[in-house]
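Participant: Predicted structure and sequence below. I'll ask about it afterward.
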Amino acid sequence: MLLTGKWINQNGSVLHIDVVNNDQQVVGRFESKKGRSAVGTEYPMVGVRNGELLSLLVDFRTADVNLASITAFSGRLEATADGKVLHTQWILARQFEDSDQTNPTQPWNTFLTNADVFHFVS
């Protein structure tokens with residue numbers, strides 16, 4: 001199943017998959033529409049593909065801003081009658097509780113987890 005292109009989840013966040021090397025290495029960008037990420041900012045994403053399974057890592061850091069957080073997505077591709085779907089579960093690790101980055105997280109509240117469903121749009 002072709003993976004490169006634009007994927008959008010239920011929150012409007014966009015996953016751009018630019019390159020899939022040898023049907024394994026994945027390179028792209030991620031733009032979140034929720035949380036502390038800057039709206040309109042694309043963050044680097046790398047990952048691997050193994051058949052229908054994906055593992056993706058987003059680094060919420062640019063040349064200008066470091067949000068001191070990363071997200072790991074694990075997912076499975078599905079072909080449906082309506083198109084391609086990527087079901088994911090994610091874990092966000094954050095270094096700070098606040099957007100000013102003055103209050104470090106404690107080990108017990110470093111991680112946030114949830115699930116997203118991305119639909120292929122182009």
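Facilitator: Yes, it's here.
Participant: How about residues contacting the longest strand seen in the chain?
Facilitator: Counting residues, the longest strand found in the chain (DSSP state E) is strand 66-80. Outside strand 66-80, the residues that touch it by C-beta atoms under 8 Å, 6 or more residues apart in numbering are 1, 3, 30, 36-38, 47, 52-61, 84-96, 101, 116, 118. C-beta here means a position set from N, CA and C on the backbone, and glycine is covered the same way.
Participant: same question for the helix or strand that that strand is followed by, mean pLDDT?
Facilitator: Counting by DSSP states H and E, the next helix or strand C-terminal to strand 66-80 is strand 83-94. The pLDDT scores in strand 83-94 average 96.
Participant: in strand 83-94, what counts as buried?
Facilitator: In terms of neighbour count (16 or more other C-beta atoms under 10 Å), strand 83-94 has its buried residues at 84-86, 88, 90, 92, 94.
Participant: who does the longest strand of the chain pair up with?
Facilitator: strand 53-61 (antiparallel), strand 83-94 (antiparallel) (DSSP bridges).
Participant: Tell me how far it lies from the chain's centre.
Facilitator: Offset of strand 66-80 from its chain centre (C-alpha atoms, centre = their mean, to the nearest Å): 4 Å.
Participant: What are the buried residues along it?
Facilitator: Counting neighbours by 16+ other C-beta under 10 Å, strand 66-80 gives 67, 69-73, 75, 77 as buried.
Participant: For L15, give its distance to N21.
Facilitator: 17 Å (C-beta to C-beta, to the nearest Å).
Participant: Neighbour count: these two, which is higher?
Facilitator: L15 (25 against 10; other C-beta atoms under 10 Å).
Participant: Can you tell me the closest non-neighbouring residue to that one?
Facilitator: Counting by C-beta to C-beta, 6 or more residues apart in numbering, L15 lies nearest to W7, which is 4.2 Å off, once chain neighbours are set aside.
Participant: now swap in L54 and tell me
Facilitator: G75 (4.5 Å).
Participant: what residues are up against Y43?
Facilitator: 29-32, 37, 58-62.
Participant: what do you get if the cut-off is 6 Å, keeping everything else the same?
Facilitator: By C-beta atoms under 6 Å, 6 or more residues apart in numbering, Y43 lies in contact with 30, 58, 60.
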